[in-house]
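Asker: any chance you could fold what I've pasted below:
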Amino acid sequence: MKGGPGERTLPASAPGQTRIDFKDMTQSAIHFFTPQDNAPDGPVKTNEKSPQLRGYISSSGKLTLPLSTLEQLGLAHSAFLVGTDAGKRRIKTLYLIPAEPGEPETFTMSQGAKSRFIELGPLLRNNGLDFGATKYSFSVSPFTYEGQSAYALALREEKAADAQQPKAPYMGKPRGRRKKGQ
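Answerer: The predicted structure is shown next:
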């Protein structure tokens, strides 16, 4: 590097390349950014998903809501009207509408260890849900029914762990020593 104080040059790395003199560079050639230039153009997308509100139907026919789901819903009611879509053969959605505990046709919610539940075994069995052989889970979504907050439970079937198909017998070549009788 040649030059005096204040003169900065880069050495040419190969023959035929020119040197860049920073002393010759003018102020107008530099564009400086502001913090506002770094601001996002549109709304910021976050990867945070709203927590899934889930529950399940136990093998004894209890409609079970975990305490975490109840806390997120802010559910403090202990009695509900339970319904489903009219005119449907199969139950795909259950509706829980809060009611006063003393009203007729209400189902009361009982306290479990880490959840609250409503006993619906005979009702679900009479409407074609075999909760003993098939595990049902559901997602909870709030909606408004006649001016009050209500909850829709969309059912999903999941195969129970003990209802899996037995393993097919091995059909390959027998390995190891022959047995004495063969």
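Asker: leaving out the residues flanking it, which one is nearest to the residue at minimal distance from the centre of the chain?
Answerer: Note on the chain: the residue nearest the mean C-alpha position is residue 52, at 4.6 Å, using C-alpha atoms, centre = their mean. The shortest distance from residue 52 to any non-neighbouring residue, by C-beta to C-beta, 6 or more residues apart in numbering, is to residue 139 (6.3 Å). C-beta coordinates here come from the backbone N, C-alpha and C atoms, glycine included.
Asker: so what's the residue count around that neighbour?
Answerer: Neighbourhood size, residue 139 [other C-beta atoms under 10 Å]: 14.
Asker: contacts only, for it.
Answerer: Contact partners of residue 139, counting by C-beta atoms under 8 Å, 6 or more residues apart in numbering, are 52, 53, 54, 153, 154, 156.
Asker: now the helices for this structure?
Answerer: According to DSSP state H, the chain carries its helices in the segments 67-73, 121-126.
Asker: and the last one, how far out from the chain's middle?
Answerer: When you say that, I think you mean helix 121-126. Remark: helix 121-126 is offset 28 Å from the chain centroid, using C-alpha atoms, centre = their mean, to the nearest Å.
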